[in-house]
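*Asks:* Can you look at this prediction? I've put the sequence above it.
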Amino acid sequence: MAENIGGTDLLGSGGHVWHWLEKPLVEKRLTSVGATGEGRIVLASGGMAFRIVGAHGEPPLFRVSDAVLATAKTAMNAIEAAIQSLRDSGVPQTWEDDVGRTGSYLVITSFVPGPRQYGYSGSTWQIWETYELAGVELAGRP
């Protein structure tokens, strides 16, 4: 299967990259007076946070086009609504990222759609929209 969240390709209309953040570790470090160095015990390993970014660090982008502007707007609204629904539900989703890694416990924690830009090319309306999307893979691995 190709890149998806919950079995649906919600991000495929535009440019983006999945950016996985550092894995948080809960640890205890032990030292003794007069000793050199220290010991370390990892007590827990948390979930792995991610955010979607543009290919070169810029904001990611949705792109929709159609001969009818109202249809293009409806398609963009549907993408937004589907992502907002996943965020609001808080239910872990299966996923596959842009490089083929997979998992089963992804939760979207933040989705902020940005401003839309409209254009007309030939006989086709085009809409571009930046957005911010972040979440966490609860199993702790990308």
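*Replies:* Structure's in. What do you need? All values reported here derive from a predicted model rather than from experimental measurement.
*Asks:* drop to CA atoms for contacts and neighbour counts, all remaining ones
*Replies:* OK.
*Asks:* Gly57 sits in which helix or strand?
*Replies:* Taking DSSP states H and E as the definition, one finds Gly57 inside no helix or strand.
*Asks:* hang on, I meant Leu86
*Replies:* helix 69-89.
*Asks:* Just the mean pLDDT for that helix, thanks.
*Replies:* Helix 69-89 carries an average pLDDT of 96.
*Asks:* Now for the nearest residue to Lys23 once chain neighbours are set aside, how many residues are close by?
*Replies:* Leaving aside its sequence neighbours, Lys23 sits nearest to Met48 (CA to CA, 6 or more residues apart in numbering; 5.2 Å). Summarising burial for Met48: neighbours were counted as other CA atoms under 10 Å, giving 19.
*Asks:* For Met48, which residues are in contact?
*Replies:* Neighbour list for Met48: Trp20, Leu21, Glu22, Lys23, Pro24, Val136, Glu137, Leu138, Ala139, Gly140, Arg141, Pro142 [criterion: CA atoms under 8 Å, 6 or more residues apart in numbering].
*Asks:* Whatever helix or strand comes next after the helix holding Leu86 pairs with which strands?
*Replies:* Next in sequence after helix 69-89, counting helices and strands by DSSP H and E, comes strand 93-96. Strands that pair with strand 93-96, judged by DSSP bridges, come out as strand 4-5 (antiparallel), strand 102-121 (antiparallel).
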